[in-house]
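Undergrad: Would you be able to build a 3D model of this:
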Amino acid sequence: MRERFGPAWERLLTPPIAHRGLWSPAGPPENSLAAFEAACEAGYGIELDVQLSSDGEAIVFHDVDLERMTGAPGRLADHTAADLGRLRLAGAEEAPPTLAEALTLVGRRALVLIEIKTPYGEVGPLEQRVHEVLIDHNGPTAVIGFNPYSHAWFADRHPNVLRGLDSYGYADAEARRLAPELRRAFARLEHVELARPHFLALGLDMLPSEKADRLRRAGMPVVGWTVRSPSQWAAVKDHCDNCIFEGWAA
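TA: Take a look at the predicted model:
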């Protein structure tokens, strides 16, 4: 893997990765260019989220709805990239960036984990746009996400893109929208075979995981998320190769 993916593989293991950039309530907002710049300056990797605008652009933003981070009503997916460019992130004078803008800012300074927020049943358009952006980027990157069909899309079409499968305990309210048998399968990592990832990005609520430990021993690294304190990291670090963190200096 080291020879195949080079700097991306090496930086997957170190340094730690800042969740949605190096943001803070008193500093730059999450998933902002300022948060990504802060992560680069501090020497961290970067995790960010991408969704598709109504006109097919990959926008860096976590929530389905715009309200929490911009004060605007409605869903991101119902707005064009130009519309979104006129909004302002809470606490900042910048709009939600496009993926291309974020990668241009970061360059080769940091690994960027791109979490693809593709809803089940809608695989393809966002993945394609992300790949188009990645073609023009020379820095280390990997795609991550919870949807195994999104990973399979990349595995079948662009196998040289580094891929990390997200998973967690699937016990929260959002997960209850999935069928119970699907939740159980995902929590047990039974979708690894479908997704065919190169590494795992696992929530703290499912660590340690016996299956993840087996896969890790076989050469599949594990990145733990979201680590919000040194004590949380100490509890799982023996089962992980790196962490995605926020709220402290990892």
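Undergrad: shaky segments in this protein?
TA: Along the chain, the parts satisfying pLDDT under 70 run over 2.
Undergrad: what about 90?
TA: Across the chain, the ranges flagged by pLDDT under 90 are 1-4, 6, 119-122, 174, 176-178.
Undergrad: Let me see the ranges of the helices in it.
TA: Under the criterion DSSP state H, the chain contains helices at 2-5, 7-13, 33-42, 67-70, 81-85, 99-106, 125-135, 148-157, 180-187, 192-195, 210-217, 230-236.
Undergrad: With residue 170 as the reference, name the closest of those helices.
TA: Nearest to residue 170 among the helices of the chain is helix 180-187 (4.1 Å), distances taken as Cβ to Cβ. In short, each C-beta sits where N, CA and C put it, glycine included.
Undergrad: If we go by neighbour counts, what in that closest one is buried?
TA: Across helix 180-187, burial judged by 16 or more other Cβ atoms under 10 Å covers 183, 185-187.
Undergrad: for stretch 52-68, same thing?
TA: Neighbour count says stretch 52-68 has 52-53, 57-63, 66 buried, by 16+ other Cβ under 10 Å.
Undergrad: cool, and stretch 36-52?
TA: Applying 16+ other Cβ under 10 Å to stretch 36-52 flags 36-40, 44-52 as buried.
Undergrad: just to revisit the earlier point, which of the buried residues of stretch 52-68 fall in strands?
TA: 52, 58-60 (DSSP state E).
Undergrad: Look up how far residue 178 lies from residue 51.
TA: With distances taken as Cβ to Cβ, to the nearest Å, residue 51 is found 19 Å from residue 178.
Undergrad: scratch that, residue 78
TA: Distance from residue 78 to residue 178, by Cβ to Cβ: 24 Å.
Undergrad: more crowded one of the two?
TA: Per other Cβ atoms under 10 Å, whichever of residue 78 and residue 178 has more neighbours is residue 178, with 14 against 11.
Undergrad: tell me the contacts of the residue nearest to the more buried one when sequence neighbours are not counted?
TA: In space, and not counting its chain neighbours, residue 178 is closest to residue 170: 7.1 Å by Cβ to Cβ, 6 or more residues apart in numbering. When contacts are counted by Cβ atoms under 8 Å, 6 or more residues apart in numbering, residue 170 touches 178, 183-184, 186-187.
Undergrad: Mind doing that once more with 6 Å?
TA: Under the criterion of Cβ atoms under 6 Å, 6 or more residues apart in numbering, the neighbours of residue 170 are 183, 186-187.
Undergrad: do the same with residue 110
TA: 40, 45-46.
Undergrad: Save these as a markdown table, and put in distance to residue 29 too.
TA: Formatted as a markdown table, these follow (distance: Cβ to Cβ, whole Å):
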| residue | distance to residue 29 |
| --- | --- |
| 40 | 16 |
| 45 | 19 |
| 46 | 14 |
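Undergrad: Kindly indicate which of these lies nearest residue 99.
TA: The shortest approach to residue 99 among the contacts of residue 110 belongs to residue 46, at 11.8 Å (Cβ to Cβ).
Undergrad: Who are the contact partners of that closest one?
TA: Contacts of residue 46 by Cβ under 6 Å, 6+ apart are 18, 21, 36, 39, 110, 112.
Undergrad: any idea how far residue 197 is from the residue positioned nearest the centre of the chain?
TA: Centroid-nearest residue in the chain, with Cα atoms, centre = their mean: residue 115, separated by 2.8 Å. Distance, residue 115 to residue 197, by Cβ to Cβ: 13 Å.
Undergrad: Kindly report the same for residue 92.
TA: Distance, residue 92 to residue 197, by Cβ to Cβ: 33 Å.
Undergrad: okay, the two: which has more neighbours?
TA: Taking other Cβ under 10 Å, residue 92 and residue 197 do not tie; residue 197 has more neighbours (27 against 16).
Undergrad: Hmm, residue 165 and the more buried one touching each other?
TA: Yes - Residue 197 is within contact range of residue 165, at 3.8 Å (criterion: Cβ atoms under 6 Å).
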